[in-house]
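K.L.:
Got a predicted structure plus its sequence, pasted below:
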Amino acid sequence: MTDSRERRLENLLEATGQNTKSKAIDQAADYYLKMAGDTTAVPTGAVEELMERAVKQGNVTPEEIADILDTDELSVKAETSWSVGP
């Protein structure tokens, strides 16, 4: 295994919180498939859904983006807070 691949796998273990390389790779692959789509299991990926919504609405809020991109493999949440005055 090359040094760069070993570093990538170590980074993937850290990012996913998994304790084995195979579990980390599975989690990353599941996430990729959900984002990319264009498969029998996931015909429309989240990235395509997000782009379509942006075109249809003209803009997308952080909350809408989080709702589309949130998965079991990588949680995505958005919060908006406002403050006026001192």
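P.N.:
Okay, I see it.
K.L.:
now what about the longest helix along the chain, what contacts it?
P.N.:
Ordering each helix of the chain by length in residues (DSSP state H) puts helix 21-36 first. Applying C-beta atoms under 8 Å, 6 or more residues apart in numbering, the contact partners of helix 21-36 are 9, 12-13, 15-16, 18, 39, 41-42, 45-47, 69, 71-74. The way it works is simple: take the backbone N, C-alpha and C, and place the C-beta from them, glycine included.
K.L.:
hmm, 6 Å instead?
P.N.:
Helix 21-36 is contacted from outside by 9, 12-13, 16, 18, 42, 45-47, 71, 73-74, using C-beta atoms under 6 Å, 6 or more residues apart in numbering.
K.L.:
For the buried ones among those residues, write the corresponding ChimeraX selection.
P.N.:
The buried residues among the contacts of helix 21-36 can be selected in ChimeraX (16 or more other C-beta atoms under 10 Å) with this line:
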select :12,13,16,18,45,46,73
